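K.L.:
Mind looking at a prediction? Sequence and model below.
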Amino acid sequence: MSRILIIAEHDGQSLNFSTAKCVTCAQAIGGDIDIAVFGSGIESIAAEAASLESVARVIAVDAGHLSAPIAANWANEALAIADGYSHLLGPSTTLGKDLMPRIAALLGVNQVSDIMAVNAPTSFKRPIYAGNAIVDVEAPAGATVVATVRIASWSAAAITGNGSVEVRSASSDAVTHTRYIGLESGGGERPDLQSAQRVISGGRGVGSEENFNLIYSLADKLGAGVGASRAAVDAGYVPNDMQVGQTGKIISPDLYMAFGISGAIQHVTGIKDAGTIVAVNKDSESPIFEISDIGLVGDLFNVIPELEKLLG
Amino acid sequence: MKILVGIKRVVDYNVRVRVLSDGSGVDTDGVKMSVNPFDEIALEEALRIRDAGNAEEVIVVSAGGDECQQQLRTGLAMGADRAIQIQVSEGLQPLSTARAFLKIIEREDPGLVILGKQAIDDDNNQTAQMLSALWDRPQATSASKLELSGTSATVTREVDAGLETIEIDLPAVISVDLRLNEPRFVKLPDIMKAKRKPLDVASLEELGVAVEGNLEIGHFAPPPQREKGIMVEDAAQLVEELKNRGLI
């Protein structure tokens, strides 16, 4: 039977939702599920992790130098407790992508990136070519499976668990070659893109940073998160953490509304898991209409104010 | 200081990739091949560092069959000083690529290794991190800004929560994101010049790397298609449709 260790993601305050999604993936693999939490002053985060459905044990490694997610430090701690586990999972977020390949390399295995489905405990489906192909990959028999979980493909595990929490001290000293300076957060008070039920996005067609206020205003009316195409980020209309697509965030809201986004494959790959895709673009030939559930050919500068009026 | 830049030959990013009907792979017949876009950004950054007087030499390295020499020549035409082909008969997975690159590092002793954050074919996003771990040197992934100061570098990384800044000692491995720079276009005279620049070939055997622990790549399938949607005429119809579907 599999023994699965999930590396938790958190911001020092609370558990990131991606961890609960990794638990659902682990349930699909089947076996004992433990979670490792690395950080400083992490009791409440560990308790959150222990409350996730079917989690047996949380190993909380508490040390000052683990408070910043420096991949080399976290990988050392993961390796110190990896023995006996058949699977090591992390979320396919920028944190998991930074961390998990290090663990894989030091264990001498290739990583399975972006698990979207589990065929068998060592066989998985993952997207390649910006999601234009889905491929089956099988990890070699007997080797530890190190993988990242494509969070848009999984629902969050319920908070019905009652796992134990074991607090440990760090097994390695801090690396001295890497120093954490800080984080500049671009996002405001709006719902997190990757967990929002509704997302409103703008593209190059929005035209300017100032015009993006239209998008924000509609998003606030709908309680939605705000995203953007790469073109809008490159043009400086919005910060990088709003980018949706192959190299940005892969999201799965119930409702996705794209304004002034043409629909390049690199963007579309980030929204394919959305429940309903609405596209508003003044060019009827835009490829976004090929994948939208509801399309409207029109000028976003007219459509958005009308929508706001109709929504009251 | 030398800078090592990894580049990969991939299906051009403008090509709409199609899965072969027998599920054995994707159609690459007659398809345009290019340097992985992230790797072009990595090379551009290396060239700028050299041209600013902070490095003496930029070396482009690619693991692939002889066809990848085409992409190495593109790298030379962009301005790299020389090229190394790690000759392999079939595509390497990230662990083997990282092990082979480590052998090149041992030969060349670079102060900086810059790679794209992911290749747009397998979308793995692993090689830089693996190389950093095996080399036991710092990593800075998804870099959107890089400042060198003597024996260290300050790197801004694009992360889900915003922009993270870390300071790393050199030598180090950096993987680059899209907004680090805008790669230069190659000019015709540079293509001619590139033909005379050195391109060395080293096989995996010569490097002493055995391919092991590969993931078995099985069946390829096209992604599930979304059902054809509807078009509405105006905002009022859109709101009505969203209400009917219980979305607002």
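P.N.:
Sure thing, it's come through.

K.L.:
Quick one, grab the pLDDT at B:Gln87.
P.N.:
B:Gln87 carries a pLDDT value of 98.

K.L.:
Could you pull up the residues touching it?
P.N.:
B:Gly64, B:Gly65, B:Asp66, B:Val201, B:Ala202, B:Ser203, B:Leu204 (Cβ atoms under 8 Å, 6 or more residues apart in numbering or on different chains). Bear in mind the C-beta positions are built from the backbone N, C-alpha and C, glycine included.

K.L.:
Ramachandran angles for the second one?
P.N.:
Yep, that's B:Gly65 we're talking about. phi -70, psi 180 (degrees, to the nearest 10).

K.L.:
coming back round to it: of the contacts of B:Gln87, buried ones?
P.N.:
B:Gly64, B:Ala202, B:Leu204 (16 or more other Cβ atoms under 10 Å in any protein chain shown).

K.L.:
Tell me what the closest residue to the second one other than its chain neighbours is bridged to.
P.N.:
Which is B:Ala202. Leaving aside its sequence neighbours, B:Ala202 sits nearest to B:Ile86 (Cβ to Cβ, 6 or more residues apart in numbering or on different chains; 5.9 Å). Taking DSSP bridges as the rule, B:Ile86 bridges to B:Ala63, B:Ala202.

K.L.:
wait, what's in contact with B:Ile86?
P.N.:
B:Val61, B:Ser62, B:Ala63, B:Gly64, B:Leu92, B:Ala100, B:Phe101, B:Ile104, B:Ala202, B:Ser203, B:Leu204, B:Leu207.

K.L.:
Going by distance to chain A, which of those residues wins?
P.N.:
B:Leu92 (10.0 Å; Cβ to the nearest Cβ).

K.L.:
Test for you: state the pLDDT assigned to that closest one.
P.N.:
pLDDT at B:Leu92 comes out at 96.

K.L.:
In three-state terms, label it for me.
P.N.:
coil (DSSP: H, G, I helix; E, B strand; the rest coil).

K.L.:
Generate TSV for the contacts of B:Gln87, with pLDDT as supplementary columns.
P.N.:
Shown next, in TSV, are the contacts of B:Gln87 (pLDDT from 0 to 100):
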residue	pLDDT
B:Gly64	97
B:Gly65	97
B:Asp66	97
B:Val201	98
B:Ala202	98
B:Ser203	97
B:Leu204	96
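
K.L.:
who does the lengthiest strand in chain B pair up with?
P.N.:
In chain B, assigned by DSSP state E, the strand with the most residues is strand B:139-149. Sheet partners assigned to strand B:139-149 using DSSP bridges are listed as strand B:152-159 (antiparallel), strand B:172-176 (parallel).

K.L.:
List the buried residues for it?
P.N.:
By neighbour count on 16+ other Cβ under 10 Å, the buried set for strand B:139-149 is B:Gln139, B:Ala140, B:Thr141, B:Ser142, B:Ala143, B:Ser144, B:Leu146, B:Leu148.

K.L.:
how is chain A carved up into domains?
P.N.:
Using automatic domain parsing, the domain parsing of chain A gives A:3-168, A:198-311.

K.L.:
can you give me the helices in the stretch 101-250 of chain A?
P.N.:
For the stretch 101-250 of chain A, the helices defined by DSSP state H, counting those that start in this stretch cover A:212-222, A:230-234.
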